[in-house]
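Asks: Predicted structure and sequence below. I'll ask about it afterward.
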Amino acid sequence: MAGNGVASIGECMLELSGQTGPNWRMGFAGDTFNTLWALHALSEDRPATYVSAFGDDPFSQGQIGFFAENGIGIGSSPVILGARPGLYAITLTGAERSFTYWRGDAAARQLASDPAALSKNLENQALVYFSGITLAILDDASRKTLLEAVTKARAAGSLIAFDPNYRPRLWRNRESAQAAIVEALGVTDIALPTFPDEQMLFGDETPRATAERLGQWVGEVIVKNGEQPALIAESGTLHDVPAIHVAAPVDTTGAGDSFNGGYLAARLAGHGPQEAASRAHRVAAAVVQVRGALAPFETLRAAFDS
Ligand SMILES: O=C(O)C(=O)C[C@H](O)[C@H](O)CO
């Protein structure tokens, strides 16, 4: 039987944000971590595990320490001698973000190197979350190991949530991204795609087309579309849930990830999809008003409950 915990699988990097002159602020972030951060802030009573692989250098130790200080464990995730975390920097044009990465040899690429540890991390979880970035950083064999572990968790009763989160640069080509993402959707209960990503990768013309295409495999689909309404498809019924207009956003990094965390926290707390999406929009609106991907827990909670 599935337990009470929440687990998110992927890569958390060092994050450089908030450049003012020559000064950067260093934090820790990565799409699946950003989602777990919000989910954990909003579901405090559930044990939270970030499932990845880590290095043994001071930055990896700092990362694991930061997770622990904030109540997030790493379960049985491997700590690999000589490995280190990836790094990314945020460049802002207005509030719109773009990223530069140094991540090709990051420890997280070995997150499926110990299949037994990976499966153990997914035991007793109410919810398991992963993304297209998780898939993109793995080689074919590791991706197969990951999907087997997720399939096993699902069979044991965990709810599986997935955001296709398309990062073209991380993939060999478009076809391999399409194939891996479609395979992941086959083991997904809640899909949280972003329309412009789906348009770029699959040529969908409207959010409705995305919802219908994903609805072939997934019972609950939430199509995010920036400041446009989110489109929810649940067992074939569609609803628009308006987003929140933020007058002066500062950095859009992590908005979609935090939306996902808010949505999943609300669903786990028993709210229906429309109420969950309204709360998720409020959480995302709070995150675009801070620099970097993570907002303080109190900020997230205030937005979720407002
Ligand atoms: O782009 C990535 O791979 C990241 O994980 C960096 C950011 O935190 C993430 O994209 C924000 O959604």
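Replies: The structure has been received and is ready for your questions. Numbers count the residues shown, from 1 in each chain.
Asks: Any idea how far the helix or strand bottoming out on mean pLDDT in the chain is from the middle of the chain?
Replies: Across the helices and strands of the chain, mean confidence by mean pLDDT, DSSP states H and E is lowest for strand 13-20: a mean of 89. Using Cα atoms, centre = their mean, to the nearest Å, the mean C-alpha position of strand 13-20 is found 18 Å from that of the whole chain.
Asks: which parts of that strand are buried?
Replies: By neighbour count on 16 or more other Cβ atoms under 10 Å, the buried set for strand 13-20 is 13-18. Using the backbone N, CA and C atoms, a C-beta is placed for each residue, glycine as well.
Asks: farthest pair in those residues?
Replies: Taking Cβ to Cβ as the measure, the buried residues of strand 13-20 reach their widest spread between 13 and 18, a distance of 15.6 Å.
Asks: What's the first helix or strand after the helix or strand hosting residue 258?
Replies: With elements delineated by DSSP states H and E, residue 258 resides in helix 255-268, which encompasses its position. For helix 255-268, the succeeding helix or strand toward the C-terminus, using DSSP H and E, is helix 273-287.
Asks: got the angle for that following helix vs helix 255-268?
Replies: On the basis of axes from the mean of the first three to the mean of the last three Cα atoms, to 10 degrees, helix 273-287 is oriented at 140 degrees to helix 255-268.
Asks: Remind me what helix 273-287 packs against, helices and strands.
Replies: In terms of contacts (3 or more Cβ pairs under 8 Å, 6 or more residues apart in numbering; DSSP states H and E), helix 273-287 is packed against helix 31-42, strand 220-223, strand 230-234, strand 237-241, helix 255-268, helix 297-305.
Asks: Just checking: what are the partner strands of the shortest one?
Replies: What that stands for is strand 220-223. Paired with strand 220-223 in the same sheet, following DSSP bridges, are strand 190-191 (parallel), strand 230-234 (antiparallel).
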